[in-house]
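Student: Quick one, structure for this:
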Amino acid sequence: MKNKSIIFTVLISLLLIPGYSSVSASDDSSTCLECHDDMPATLAGSPHELGISSHLKSPVKATCEGCHTDWEGHIDDPTTENINTASKLMSAEQAEICGSCHLTPHQAAMTSTDPHARADLGCLSCHKIHDNENSFLTKDDSENYCLSCHKSVAFEFERRSAHPLGSGNIRCVDCHNLSAINDPVLGIGFDWTCQECHSEKSGPFMYEHPVVNSHLVEGGGCIECHEPHGSSNERLLVQPESGLCLQCHGTPPLHMTQHDAIATKYACAACHTEIHGSYESRVFLDPNLPSKFISDCYQSGCHNPFD
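Tutor: Numbering: from 1, shown residues only. As a prediction, the model looks like this:
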């Protein structure tokens, strides 16, 4: 009986505590707007449009005090010293405020593993709340605001061969997932990310080039051969001509000894064109090689490139 009495007392106490409802929140924002009447216009059309707007149907209502905490004392003594403005807070404090509504892996990472958080870059380093109608309230609508900090990467996109970031065909977030909590470089998965656009390079092939489908662990994968942002070489290659192949493969001895070493005069990719994988050749030779050049080698019957 005594326990029931205690439980009843606790329940009554909880009922008497003022709750945080959309109605009370709207009232509090109205109080704020007695002085800050220009603020609703800066949030109109955005996900943070104030909950006092009658056309909003979401059960979660954005309010002034939802982001500007410690507002109670500010109402009695309206100074800039006694109310929190997120832009003046540390990254963890910003994440705590935003996390009261945005419970996502990205938000969780901003308080733990995200490299941006470790560099003390907070939510407002990439997002802008007021006067912003961009998707996800990012700083710009192209979502390439990353380059404002990653200057060296911005330079890579200006190289001879580069992914089409400047034309708007791709965005930083197409390859870098901000919700990838366990990935130190926020990569979605280098090989499979590339294959989202370049599926013809991924096979499956009868003869696989192992590096193509290897995951990035200690090297390997697409970025073993290609610079992901841009390169001074053709096709985003990390090295020009045969230098790329020779990182892993030596020149075959017979290439240097037979027929006056004629084979060494050609780049590896002149013959081995199917370097991502082949349906015909275990050494990835061009299917049209017999008619391409040095035709006498094959027409004579001495050599069969697909044996």
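
Student: all contacts plus neighbour counts: C-alpha atoms, from now on.
Tutor: OK.

Student: show me what contacts the residue nearest to G230 when sequence neighbours are not counted?
Tutor: Distances taken as CA to CA, 6 or more residues apart in numbering put A162 closest to G230, at 3.8 Å, once the chain neighbours are dropped. Residues counted as contacts of A162 (CA atoms under 8 Å, 6 or more residues apart in numbering) are 156, 229-231, 235-236.

Student: 10 Å - rerun?
Tutor: When contacts are counted by CA atoms under 10 Å, 6 or more residues apart in numbering, A162 is found next to 156, 227-236.

Student: mind listing what D140 touches?
Tutor: 126-128, 132-134.

Student: swap that for L50, please
Tutor: For L50, counting by CA under 10 Å, 6+ apart, the contacting residues are 25-26, 29-30, 39-44, 56, 61-64.

Student: go on, C67?
Tutor: Counting by CA under 10 Å, 6+ apart, C67 makes contact with 84-86, 94, 97-98, 100-101.

Student: separation between it and N288?
Tutor: 65 Å (CA to CA, to the nearest Å).

Student: Please apply the same query to L137.
Tutor: L137 is 52 Å from N288, by CA to CA.

Student: So for those two, which residue has more residues nearby?
Tutor: More neighbours surround L137 than the other of L137 and N288, with 20 against 10 (other CA atoms under 10 Å).

Student: pLDDT at V60, what is it?
Tutor: The score at V60 is 66. That number is its pLDDT.

Student: let me redo that: F157
Tutor: F157 is given a pLDDT of 93.

Student: could you flag which of the contacts of C67 are buried?
Tutor: Applying 16 or more other CA atoms under 10 Å to those, the neighbour count classes 84, 86, 94, 97-98 as buried.

Student: Can you add distance to T113 and pLDDT and give those residues back as a markdown table?
Tutor: Output for the buried ones among the contacts of C67, formatted as a markdown table (distance: CA to CA, whole Å; pLDDT from 0 to 100):
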| residue | distance to T113 | pLDDT |
| --- | --- | --- |
| N84 | 25 | 78 |
| A86 | 21 | 80 |
| Q94 | 15 | 85 |
| I97 | 18 | 84 |
| C98 | 17 | 84 |
